[in-house]
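S.K.: generate coordinates for the sequence data below:
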Amino acid sequence: MRTEYYRNLHSNPSIRLKWFVPLIERAIETGKEITTKKAISLNGYDYTLYFTPVVRTDPDGQISLTLKWRDEGESYTQTITIVQEESNLISGSFVYYFLCPYGYKSRQLFYIANRWKSRRSFRHSYNSQNQSHLQRSFNHSPEPYRRYGKERYRGELTPYGKRCLRFEEKEERAEEAFLETAAKIFLRYKK
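M.R.: Numbering: from 1, shown residues only. As a prediction, this is how the structure comes out:
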């Protein structure tokens, strides 16, 4: 089965530029082509994609990353230009970006229709866009609990204890609202 494009952005395999920075810097220092010894694997919903990166620097100073991979018996190759810009934070250091085939600078590329593309070059959605308002509000707040947190000190609630109490009350209200909504929907469809 050929790899499939999922509308949910983070369900698709992706590569990050930070994985290749050591290879890029070594290629710039030596001026030679650098290849990894081991294939990198990306896992998707129903497949695993293995690819081998090759980093080259031209005499002009242009850096390119060539990816070679096989998908369902077919071989694919894509060369991606890497843009090098001086950092605003530390003078003398550089920041790298992928240059998407559509001209967008990006630090992460996604595997869509047998090509590596920036997220700006195709239609997609995020996890939260596929959830209802109730689901988003139910899953929103992180738990405030800590390993050695003291909820009470000398018989009184601490600020940490108050946060835990508010969190528990909010969770109870959200669960009640969810059950009420589910009961209404169930009764509506039961008729």
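
S.K.: can you list the domains in the chain?
M.R.: With automatic domain parsing as the criterion, the domains of the chain are listed as 9-121, 131-190.

S.K.: which of those domains sits most buried?
M.R.: Highest mean neighbour count among the domains of the chain (mean count of other Cβ atoms under 10 Å): domain 9-121, with a mean of 15. Every C-beta, even on glycine, is put in place using the N, C-alpha and C of the backbone.

S.K.: mind telling me which of the domains of the chain the model trusts least?
M.R.: Of all these, mean pLDDT reaches its minimum on domain 9-121 (a mean of 80).

S.K.: quick check: end-to-end length of it?
M.R.: 12 Å (Cα to Cα, to the nearest Å).

S.K.: distance between it and the chain's centre?
M.R.: Distance of domain 9-121 from the chain centroid (Cα atoms, centre = their mean, to the nearest Å) equals 15 Å.

S.K.: and if you look at stretch 158-175?
M.R.: Using Cα atoms, centre = their mean, the offset of stretch 158-175 from its chain centre is 31 Å.

S.K.: before we move on, what about stretch 130-145?
M.R.: With Cα atoms, centre = their mean, you get 19 Å for stretch 130-145.

S.K.: what sits up against it?
M.R.: 8, 128, 160, 163, 164, 167, 170, 174, 175, 177, 178, 181 (Cβ atoms under 8 Å, 6 or more residues apart in numbering).

S.K.: repeat the analysis, applying 6 Å as the threshold.
M.R.: Residues outside stretch 130-145 that contact it (Cβ atoms under 6 Å, 6 or more residues apart in numbering): 128, 163, 164, 167, 174.
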